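Participant: Need the 3D shape of this:
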Amino acid sequence: MNQINAHKTGLVLGGLFGTVHAVWALMVFMGIAKPFLDFILGLHFLTFDYSINPFSLVSALMLVLMTVILGYLAGYVFGRFWNIAHQEKQ
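Facilitator: Numbering: from 1, shown residues only. Predicted coordinates for the structure are as follows:
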């Protein structure tokens, strides 16, 4: 089995997580986050009371930064484990 580059895997996963959370922050900014969540929760047969806090640029930036970092770490660790699990005996 082929080895993968753990750094590139981390970058891809970090980029994916960051993008998803940047879109979420944009949805909160635009005021469409609650209707979206209501729709998604309804698809899962769930109803409960919740609120979404007002948009904060600092919170949005921290959210994206933290998810990029954690996504990178998860991807890097995945890549390392993948390579360990797929080492060929010599």
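Participant: just for this structure, where's the confidence low?
Facilitator: By pLDDT under 70, the weakly predicted segments of the chain are 90.
Participant: Next, name the residue at the spatial heart of it.
Facilitator: By C-alpha atoms, centre = their mean, the mean C-alpha position of the chain lies nearest to Phe17, the distance being 2.6 Å.
Participant: List the residues that contact it.
Facilitator: Residues counted as contacts of Phe17 (C-beta atoms under 8 Å, 6 or more residues apart in numbering) are Thr67, Val68, Leu70, Gly71, Ala74. Backbone N, C-alpha and C define where each C-beta goes, glycine included.
Participant: same thing with Ala33?
Facilitator: Neighbouring residues of Ala33 by C-beta under 8 Å, 6+ apart: Trp24, Met27, Ile52.
Participant: now, among those residues, which is nearest to Phe81?
Facilitator: Trp24 (28.1 Å; C-beta to C-beta).
Participant: Compute the number of surrounding residues for the closest one.
Facilitator: The tally of other residues near Trp24 (other C-beta atoms under 10 Å) stands at 17.
Participant: That one: helix or strand, and which one exactly?
Facilitator: Here Trp24 sits within helix 6-30, counting by DSSP states H and E.
Participant: can you point me to the longest helix in this structure?
Facilitator: What stands out as the longest helix in the chain, according to DSSP state H, is helix 57-85.
Participant: I'd like the distance between the spatially closest residue to Tyr50 that is not a sequence neighbour and Gly31.
Facilitator: In this structure, Tyr50 finds its nearest non-sequential neighbour in Leu37, 7.7 Å apart by C-beta to C-beta, 6 or more residues apart in numbering. Counting by C-beta to C-beta, to the nearest Å, the separation of Leu37 from Gly31 is 12 Å.
Participant: These two: who's more crowded?
Facilitator: Comparing Leu37 with Gly31 by other C-beta under 10 Å, the one with more neighbours is Leu37, at 15 against 11.
Participant: what about that one, which helix or strand?
Facilitator: In this structure, Leu37 sits in helix 33-43 according to DSSP H and E.
Participant: Now find how far off-centre that helix is within its chain.
Facilitator: Relative to its chain's centre, helix 33-43 lies at 18 Å (C-alpha atoms, centre = their mean, to the nearest Å).
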